[in-house]
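[1] Predicted model and sequence follow; I will ask about them next.
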Amino acid sequence: MGIDAGAATTKAVILRDNEIAGYRIRSTGFDFLHTAESIYRNVLEDTELREKDVERVVATGYGRKSIQFADTAVSEITAHAKGVQYLFPEVMGIIDIGGQDSKVIAVEQGRVVDFLMNDKCAAGTGKFLEYTAKALEVSIEALGSLALASKRPAGISSMCTVFAESEVISLRARGSTKEDVAAGLLESIAQRVSVMVKQVGLKENIAFVGGVAKNAGMKAALERESGVTLFVPSEPQITGALGGSLYRQT
């Protein structure tokens, strides 16, 4: 079993005979260990397996060091590379936009060859979208469909979460529609992430994973900015946990 303890959500995947037997996703909350223990039991119940059936538990993600019952831990960069390669063997790069950071990873046959990470600021992350959606008085899930309906995306100059919230309020006061503001927000993140894509040298066969990959507007904005069609897994949040379940120490 692979357990990805992210800052916002914890994911668990169990692999049996090299096939995904089951998985769970839940909010991480305050206690990484308690959440990991709970999701571990949930997945075992879902798959009607017992603890003795589990060969090993591999922890990854922001809170991996808190998962004391894991047999080993691996970085989320390595885990995502392995998980995405399992789903899309032809992939050469990964964009992962999670709750607290964004990553761009270059891979070769499941091996990491280069990466960049934005983890110093909420800009370009799910947290940025969460706060700015609140300023628009819409759910974060609604941002994507709003953005896709935009005729003229609003210009968002600030990438600081606090200032961007103020800018959203100011744009609304000047008469910008929610659709255009939503499109502007997603475009501003896409521009930032696309710079990272170019710095890593990715030009084709890129997978888009993480919770933000469920946002169709974000995918469309990234494709426009990067000029690349992105692969999105049917469940883009579990690639790190999947990679953990595939990980074997050598």
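    Looks like it came in fine. Numbers count the residues shown, from 1 in each chain.

[2] Strands of this structure, residue ranges please.
    2-5, 9-16, 19-27, 58-60, 72-73, 93-97, 102-108, 111-118, 206-209, 230-231 (DSSP state E).

[3] Mean neighbour count, those strands: which tops it?
    Most buried of these by mean neighbour count (mean count of other Cβ atoms under 10 Å) is strand 2-5; its value is a mean of 32. No exception for glycine: its C-beta is placed from N, CA and C like everyone else's.

[4] and for it, what are the contacting residues?
    Strand 2-5 has contacts (Cβ atoms under 8 Å, 6 or more residues apart in numbering) with 10-15, 28, 32, 35-36, 39-40, 57-64, 66-67, 70, 76, 79, 83, 238, 240-247.

[5] That one pairs with which strands, parallel or anti?
    strand 9-16 (antiparallel), strand 58-60 (parallel) (DSSP bridges).

[6] As TSV, those strands with distance to Ala147 and mean pLDDT would be great.
    As requested, the strands paired with strand 2-5 are exported to TSV (distance: least, Cβ to Cβ, whole Å; pLDDT from 0 to 100):
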stretch	distance to Ala147	mean pLDDT
strand 9-16	22	95
strand 58-60	31	97
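
[7] Tyr131: which of those is closest?
    Smallest distance to Tyr131 across the strands paired with strand 2-5 (Cβ to Cβ): 17.1 Å, for strand 9-16.

[8] quick one: contacts for the closest residue to Gly29 other than its chain neighbours?
    What sits nearest to Gly29 in space, not counting adjacent residues and going by Cβ to Cβ, 6 or more residues apart in numbering, is Thr35, at 5.6 Å. Shown in contact with Thr35 (Cβ under 8 Å, 6+ apart): Ala5, Thr10, Arg26, Ser27, Thr28, Gly29.

[9] Let's test this: name the helix or strand in the protein with the lowest mean pLDDT.
    helix 161-173 (a mean of 70; mean pLDDT, DSSP states H and E).

[10] Which residue ranges of the chain form helices?
    Along the chain, counting by DSSP state H, helices occupy 32-47, 76-87, 126-136, 142-148, 161-173, 178-200, 216-226, 239-246.

[11] Give me whichever of these is most buried.
    helix 239-246 (a mean of 30).

[12] From Lys178, how far off is the closest residue in space to Ala147 that isn't next to it in sequence?
    What sits nearest to Ala147 in space, not counting adjacent residues and going by Cβ to Cβ, 6+ apart, is Gly217, at 3.4 Å. As judged by Cβ to Cβ, to the nearest Å, Gly217 and Lys178 stand 12 Å apart.
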